[in-house]
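Trainee: predicted coordinates and the sequence they were generated for:
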Amino acid sequence: MQTLEQARAAHAWSKAQRCNDEYVKLAKGLPALIMNSGLMQVFAFLEEKGAKPSQHHCRDLSNHLRDWLRRRFAGTFTSDDFPTFMTALMDADPRTFQAITAEAFAWLRWMRQMAAASRAGGH
């Protein structure tokens, strides 16, 4: 049975396999962006940026993070599509919202490393 850290690592590794350099750079900077702006603001930013074809890495990273959070908080999120996910975040109680934000940081710690390792290894 996997520990939570192993599960985070496995999920991040599986999602990092087709990332590009822009994705790696975004993954490294996203925790600071969340700390400065907040989780919902960052998801909105990624959705807007990711709508541009040249910025698909923004949408990819947002989709990957939402997928992980939906798995971890299945009782809160019924779907990981953007509108449903954002509505669930807006409706979450403060304690749950804080736990979701903490989980986003924990997953992003793995993604930062896994994305960079994937690019360095030529995967």
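Mentor: Yep, it's here.

Trainee: assign the closest residue to residue 34 other than its chain neighbours to helix, strand or coil.
Mentor: The shortest distance from residue 34 to any non-neighbouring residue, by Cβ to Cβ, 6 or more residues apart in numbering, is to residue 42 (5.0 Å). The way it works is simple: take the backbone N, C-alpha and C, and place the C-beta from them, glycine included. What DSSP: H, G, I helix; E, B strand; the rest coil gives for residue 42 is helix.

Trainee: residue 42 contacts residue 31, correct?
Mentor: No. At 9.6 Å, residue 42 does not count as touching residue 31 under the criterion of Cβ atoms under 8 Å.

Trainee: neighbour-wise, which of the two wins?
Mentor: residue 42 (19 against 16; other Cβ atoms under 10 Å).

Trainee: which ones are touching the residue nearest to residue 34?
Mentor: Taking Cβ atoms under 8 Å, 6 or more residues apart in numbering, we find residue 42 in contact with 30, 33, 34.

Trainee: one more: residue 97?
Mentor: So residue 97 contacts 39, 89 (Cβ under 8 Å, 6+ apart).

Trainee: list the buried residues for the helix or strand harbouring it?
Mentor: Using DSSP states H and E, residue 97 maps to helix 94-120. Using 16 or more other Cβ atoms under 10 Å as the test for burial, helix 94-120 gives 97, 100-101, 103-104, 107-116, 118.

Trainee: any idea which of these is closest to residue 9?
Mentor: Taking Cβ to Cβ as the measure, residue 9 sits nearest to residue 110 out of the buried residues of helix 94-120, at 5.1 Å.

Trainee: measure the residue lying closest to that closest one once chain neighbours are set aside to residue 111 for me?
Mentor: Distances taken as Cβ to Cβ, 6+ apart place residue 12 nearest to residue 110, at 4.0 Å, with adjacent residues excluded. Separation of residue 12 from residue 111 (Cβ to Cβ, to the nearest Å) stands at 4 Å.
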